[in-house]
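A.B. asks: Below are the sequence and a predicted model for it; my questions follow.
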Amino acid sequence: MITRGTSLQDSLPSFVRRWVDENRIDSFDRLSELGIAQTARQKREVIKRVERVRKPIPFREAWAAQFVSDKFGAATTHWRKLDDRRGVGNPCPAVLIGLPAAIVTFGEDVEEVKQLIEEGAKALKEEEQSPYSAATVYTCE
């Protein structure tokens, strides 16, 4: 199974917030301009955070937090969830691949992306050769 690794899961709020800032998302109208539709519930949740009396937060922050919670929250399948469940019930062999935060790009130059990929491949090769590799194998016994 290929899923979000821990570093990617932990970085999602900052990635989404960066996108929100770069695209100047300050209203639901701006989201609509970009073709992003919101349900009535999603709008209510954002408005609650923006208009609350105690500690209101800016639209960008409220929307980004709501989006991450809805799309990438703890109820979805990601590395920690799979790791927590590996020994529950009748476990069976599984190949789990957790994608790291380093795979996310924001429109960088093609040559820069190639360099990042090469650096990642080199780091992976070095990690595979290490006797202390981070790879974990789970099996049924």
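C.D. replies: In hand now; what should we look at?

A.B. asks: in this protein, which spans are strands?
C.D. replies: Assigned by DSSP state E, the chain shows strands spanning 2-4, 97-99.

A.B. asks: Can you give the distance from the last one to the centre of its chain?
C.D. replies: The chain centroid and the centroid of strand 97-99 are separated by 12 Å, computed with C-alpha atoms, centre = their mean, to the nearest Å.

A.B. asks: One more: the first one?
C.D. replies: Distance, stretch centre to chain centre, for strand 2-4: 10 Å (C-alpha atoms, centre = their mean).

A.B. asks: partner strands of it, parallel or antiparallel?
C.D. replies: Using DSSP bridges, strand 2-4 pairs in its sheet with strand 97-99 (parallel).

A.B. asks: Would you mind listing the outside residues contacting the partner strand?
C.D. replies: 1-6, 8, 79 (C-beta atoms under 8 Å, 6 or more residues apart in numbering). Bear in mind the C-beta positions are built from the backbone N, C-alpha and C, glycine included.

A.B. asks: now stretch 106-113
C.D. replies: Counting by C-beta under 8 Å, 6+ apart, 18-19, 22, 105, 116 sit against stretch 106-113.

A.B. asks: what stretches of this protein score poorly on pLDDT?
C.D. replies: Residues of the chain meeting the criterion pLDDT under 70: 74-94, 130-141.

A.B. asks: okay, now Arg4: neighbour count?
C.D. replies: 23 (other C-beta atoms under 10 Å).

A.B. asks: correct me, but it touches Gly73?
C.D. replies: No - the criterion here is C-beta atoms under 8 Å, and Arg4 misses it with Gly73 at 11.4 Å.
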